[in-house]
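> need coordinates for the below:
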Amino acid sequence: SGLEKSSAAVDVHTGSWDHDRYQASLLPPAVIKHIVHPVDSHRLALALDGEEKLLPIIKKAYDAELAIARGEAPAKPGSSPLDSFAPWQTLGLR
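Predicted coordinates for the structure are as follows:
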């Protein structure tokens, strides 16, 4: 799959709902970091936003990708700074 070929580090956030956790378990564990939040619902984003936790998660990921693209943080060995931006991978541009 594209995820297995990618050099990106991917954080997958789910609630504690069994179905969400099961779906995340189908992803390649060598590539993803599965973060389980104590939300027993499939409405994780709504719950995190209500607790003012969603925006900090998004900002942290955005800041990390931007720092790699600017050369301010090290990229994963063997990867390009463009790897941190999914649209470039989707378009096949390197």
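> looking at the longest helix anywhere in the chain now, give me its mean pLDDT.
Of all segments of type helix in the chain, defined using DSSP state H, the longest is helix 54-69. If you average the pLDDT over helix 54-69, you get 89.
> roughly how far apart are the closest residue to Thr14 other than its chain neighbours and Ala75?
Leaving aside its chain neighbours, Thr14 sits nearest to Asp20 (3.9 Å; criterion: Cβ to Cβ, 6 or more residues apart in numbering). Any C-beta I mention is one placed from the backbone N, CA and C, and that applies to glycine too. For Asp20, the distance to Ala75 (Cβ to Cβ, to the nearest Å) stands at 30 Å.
> neighbour-wise, which of those two wins?
Neighbours of Asp20 and Ala75, each counted by other Cβ atoms under 10 Å, are more numerous for Asp20; the result is 20 against 17.
> picking that back up, in the longest helix of the chain, what counts as buried?
For helix 54-69, the neighbour count (16 or more other Cβ atoms under 10 Å) marks Leu54, Glu65, Ile68, Ala69 as buried.
> which strands and helices sit next to that helix?
helix 44-50 (3 or more Cβ pairs under 8 Å, 6 or more residues apart in numbering; DSSP states H and E).
> mind running it again at 10 Å?
strand 10-14, helix 44-50 (3 or more Cβ pairs under 10 Å, 6 or more residues apart in numbering; DSSP states H and E).
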